[in-house]
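The following block contains a protein sequence and its predicted model.
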Amino acid sequence: MKHLFTENIKKILKQEFGKNADEIFDKSFLIQYLNEKTRSANRGSKSRGSFANLYAIYVIIEDYILNGYDKKGDYSTYIGALSNNLLIRQRKLPFGSKLQNHALNNRMNSEFQKYFPSTDYIPILRNLETNRYWVNENLLKINIGKKTFNIAKTIITIIDEYIRTKRDAFWRFVKSCEELQKLGTTTSQQVEKFIIGLIAPNVDARLFEIVSYAILKYYYHDQQIYWGFEIDKLNKENLTLYKTGRTNANDGGIDFVMKPLGRFFQVTETLDFKKYFLDIDKIQKFPISFVIKSIEPTEEILQKIQENASKTYSIKIIVEKYMACIEEIINIPLLLTRFSETVKQGYLNEILDEIILQSKVEFNYDSL
């Protein structure tokens, strides 16, 4: 597959390997995998990055280089890199502060095999007993004629270039937000159009979650409820939506919580019923609302979840119990409607301020 960032990859190969560049590109499964995973590089900040699996490759090859095996030595005798050290290194890389070890453990290998089912090699080797990891050196050595080329440093260079491209794109995104913020109400139509552009199926999952939170926070902002323990001593309180952690953290948490109703919200981009049922199990079948990055009608989404669940669970009452826990489905059209209502209430600039604040926190803007 050829895309805009492919030219960056080929330029790096040309600089390092000269006339052998094209043949190395064609023969290297790892470089072809990087080519697949870097499609979003030139699509701007709104396109989803692929940092988890790329960083799994990055840190384990970096360990290989730091120990000098790209130049000499018998890598087969190496004791291996410790899992914790690799994870710590991943989290020090840009956009990697909340990454888990899933990519190192299995996800990267699993995806690699989907792309290249015919190869005998997987990129990451590990010993479950010692929790140590190795890169599969067979994928780093490319034979052309009688010469063998080691592409370890090339892999690092390509991923570094991808990081730089994505970082620059996000920097421009935040700067665009800040420019709109400075202009204020004089460009309300521009601000509104800009935010609507962030509520789309192809937007980065983290940005979608941030924008969803900003909209829903101010949508519920002025809604009030009365509650209390005695009929003549009721409390009047505005609904307040809280963001409970980083986006896409794979930490098993719930994304938003509403006070004082105690409503739970989970943001997702999948229609796999197993994900929904897993989230419901996390909170012991407490009612939960799902914010879904989909333009499909809510009725069709619910029907699809129920039909797919019924194929797996033969007992009807089990499926019905899970489905009853889905309090509300908020899809993209409904989110846009709520955004429009919130704008009418005069909260457009506050929503933009919240998007900027949460984006800077999420993407470690100060360290970029």
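Thanks, I have the structure now.

average pLDDT across whichever strand or helix holds residue 353?
Using DSSP states H and E, residue 353 sits within helix 348-362. Helix 348-362 shows a mean pLDDT of 86.

check contacts around residue 112.
Taking Cβ atoms under 8 Å, 6 or more residues apart in numbering as the criterion, residue 112 is in contact with 29, 33, 122, 123. Where you see a C-beta, it was placed from the backbone N, CA and C, and this is true even at glycine.

Now do residue 101 against residue 125, distance only.
Distance of residue 101 to residue 125, computed by Cβ to Cβ, to the nearest Å: 15 Å.

So residue 241 belongs to a helix, correct?
No - the assignment for residue 241, made by DSSP: H, G, I helix; E, B strand; the rest coil, is strand rather than a helix.

still on that earlier bit, and the helix holding residue 353, what's buried?
Of all the residues in helix 348-362, those buried under the rule 16 or more other Cβ atoms under 10 Å are 348, 351, 352, 354, 355, 356, 358, 359, 360, 362.

cool, stretch 330-337 as well?
Using 16+ other Cβ under 10 Å as the test for burial, stretch 330-337 gives 330, 331, 332, 335, 336.

contact partners of the host helix or strand of the fourth one?
Per DSSP H and E: residue 335 is located in helix 332-344. Taking Cβ under 8 Å, 6+ apart as the criterion, the residues outside helix 332-344 that touch it are 192, 195-196, 199-201, 212, 215-216, 218-219, 221, 291-295, 297-298, 330, 348, 351.

pretty sure residue 14 contacts residue 20?
No - counting by Cβ atoms under 8 Å, residue 14 does not reach residue 20; the two are 9.4 Å apart.

Only alpha carbons, please: show the helix or strand where residue 275 lies as CSV.
For residue 275, the element it lies in under DSSP H and E is helix 273-282. This file holds the C-alpha atoms of helix 273-282, laid out as CSV (Å, rounded to 0.1, in the frame of the first residue of the first chain):
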residue,chain,number,x,y,z
PHE,A,273,-21.4,-6.5,21.9
LYS,A,274,-18.7,-8.2,23.9
LYS,A,275,-17.1,-4.8,24.6
TYR,A,276,-20.5,-3.4,25.8
PHE,A,277,-21.2,-6.5,28.0
LEU,A,278,-17.7,-6.3,29.5
ASP,A,279,-18.2,-2.7,30.5
ILE,A,280,-21.5,-3.6,32.0
ASP,A,281,-19.9,-6.4,34.0
LYS,A,282,-17.2,-4.0,35.3
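
what's the distance between the helix holding residue 335 and the middle of its chain?
24 Å (Cα atoms, centre = their mean, to the nearest Å).

Now do that helix against helix 348-362, angle only.
Computed with axes from the mean of the first three to the mean of the last three Cα atoms, to 10 degrees, the direction of helix 332-344 lies at 120 degrees from that of helix 348-362.

what comes up buried for the host helix or strand of residue 168?
Element membership for residue 168, per DSSP H and E: helix 152-183. Neighbour-count burial for helix 152-183 flags 152-159, 161-163, 165-167, 169-170, 173-174, 177, 180 (criterion: 16+ other Cβ under 10 Å).

That helix - contacts with which helices or strands?
helix 4-17, helix 29-37, helix 51-66, helix 188-196, helix 348-362 (3 or more Cβ pairs under 8 Å, 6 or more residues apart in numbering; DSSP states H and E).

Please name the residues that touch residue 146.
Per Cβ under 8 Å, 6+ apart, neighbours of residue 146: none.

any idea how far residue 28 is from it?
18 Å.

Walking through the stretch 1-150 of the chain, point out its strands one by one.
81-82, 124-127, 132-135, 141-144, 147-150 (DSSP state E, counting those that start in this stretch).

outside of the second one, which residues touch it?
Outside strand 124-127, the residues that touch it by Cβ under 8 Å, 6+ apart are 56-57, 60, 80, 83, 104-105, 108-109, 132-136.

Just checking: what are the partner strands of it?
Strands that pair with strand 124-127, judged by DSSP bridges, come out as strand 132-135 (antiparallel).

ok, and what's touching the strand it pairs with?
Looking at strand 132-135 with Cβ under 8 Å, 6+ apart, the contacting residues turn out to be 57, 60-61, 63-64, 75, 78-83, 86, 104, 123-127, 152.

Swap in 6 Å and give it another go.
Contact with strand 132-135 is made by 60, 61, 64, 80, 81, 125, 126, as judged by Cβ atoms under 6 Å, 6 or more residues apart in numbering.

And the next helix or strand past the helix holding residue 275?
Assigned by DSSP H and E, the successor of helix 273-282 is strand 288-292.

Give me the mean pLDDT for that following strand.
Averaging pLDDT along strand 288-292 yields 93.

now do stretch 151-164
94.

residues in contact with that stretch?
Contacts of stretch 151-164 (Cβ under 6 Å, 6+ apart): 8-9, 12, 16, 34, 38, 41, 54, 58, 61, 64-65, 70, 94, 140.

and that stretch, how far out from the chain's middle?
Using Cα atoms, centre = their mean, the offset of stretch 151-164 from its chain centre is 20 Å.

ok, how many other residues are close to residue 327?
13 (other Cβ atoms under 10 Å).

Please state the backbone phi and psi of it?
phi -70, psi -40 (degrees, to the nearest 10).

What's the local residue count around the residue nearest to it when sequence neighbours are not counted?
Distances taken as Cβ to Cβ, 6 or more residues apart in numbering place residue 287 nearest to residue 327, at 4.1 Å, with adjacent residues excluded. For residue 287, the tally of surrounding residues (other Cβ under 10 Å) stands at 14.
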